Structure formats: structure tokens, C-alpha cells
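In: Make a model of this:
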Amino acid sequence: MSRHEVVSPIPGVFYRRPDPDSDVYAKEGQTIGADDTVCLVEVMKSFHPVPAGAAGTLVEFLVENEDVVDAGQAVAVIEAG
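Out: Numbers count the residues shown, from 1 in each chain. Model (predicted):
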């Protein structure tokens, strides 16, 4: 298995769920597909879904919900394979 880092495509605020009343997109230990949404990054009230980019098991998130992230910053780790 290989390690895949999910990175933010833009700078903004990291969110694990689509809205406060919904479940998180993904949890640690969950099997996910390459096209599955892992989180959202919001900039200026525009929300951008971030896909996993690789199929496998979500190992961990590297940032907390509502943290500010930079473009290219790793936000989660997937064990691909």
C-alpha cells in the first residue's frame, strides 16, 4: 500500500461536513473511492469540494475542522491500494 496525501487546491477554511447539521464527508478508518469528497474548502463564501484523489482507507486528518489552510497543504492521508 502507498500513502496518498489529500491536498487543498486553494487557500481557505477547511470543513469536514457540508453544513453544521450534516454528517462528516469521511471518517478515519473509512474506505473511500478516489472521487469521494473528503472535505470542503471555503473562500469568500464559495465552497469547493476536495476529492480523495485515491481509493483506499482514510488514515487521518492533518487539520482540524474550520482551520485555515493554504493551497497545496495536505489535509488528510489515505492508504491507497
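In: give me every residue that touches Ala71.
Out: Remark: with contacts taken as CB atoms under 8 Å, 6 or more residues apart in numbering, Ala71 is in contact with 8-11. In this view, the C-beta of every residue, glycine as well, is placed from N, C-alpha and C.
In: Oops, could you answer that again for Val69 instead?
Out: By CB under 8 Å, 6+ apart, the contact list for Val69 reads 8, 11-14, 41, 63, 75.
In: Now do the strands in this protein.
Out: 2-7, 12-15, 31-32, 37-43, 46-51, 56-61, 68-69, 74-80 (DSSP state E).
In: Can you list the strands that the fifth one pairs with?
Out: Strand 46-51 has the following sheet partners, assigned by DSSP bridges: strand 37-43 (antiparallel).
In: that older thread, any chance of the contacts of Val69 in TSV, with neighbour count, pLDDT and distance to Ile32 too?
Out: Putting the contacts of Val69 into TSV (neighbours: other CB atoms under 10 Å; pLDDT from 0 to 100; distance: CB to CB, whole Å) gives the following:
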residue	neighbour count	pLDDT	distance to Ile32
Ser8	20	98	17
Pro11	13	98	24
Gly12	19	98	22
Val13	14	98	22
Phe14	22	98	17
Val41	22	98	17
Val63	16	97	17
Val75	19	98	14
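In: Out of these, flag the one nearest to Thr31.
Out: Val75 (18.4 Å; CB to CB).
In: one step back: make JSON lines from the strands of the chain and add distance to Asp21 to it.
Out: As requested, the strands of the chain are arranged in JSON lines below (distance: least, CB to CB, whole Å):
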{"stretch": "strand 2-7", "distance to Asp21": "24"}
{"stretch": "strand 12-15", "distance to Asp21": "13"}
{"stretch": "strand 31-32", "distance to Asp21": "22"}
{"stretch": "strand 37-43", "distance to Asp21": "15"}
{"stretch": "strand 46-51", "distance to Asp21": "15"}
{"stretch": "strand 56-61", "distance to Asp21": "20"}
{"stretch": "strand 68-69", "distance to Asp21": "23"}
{"stretch": "strand 74-80", "distance to Asp21": "22"}
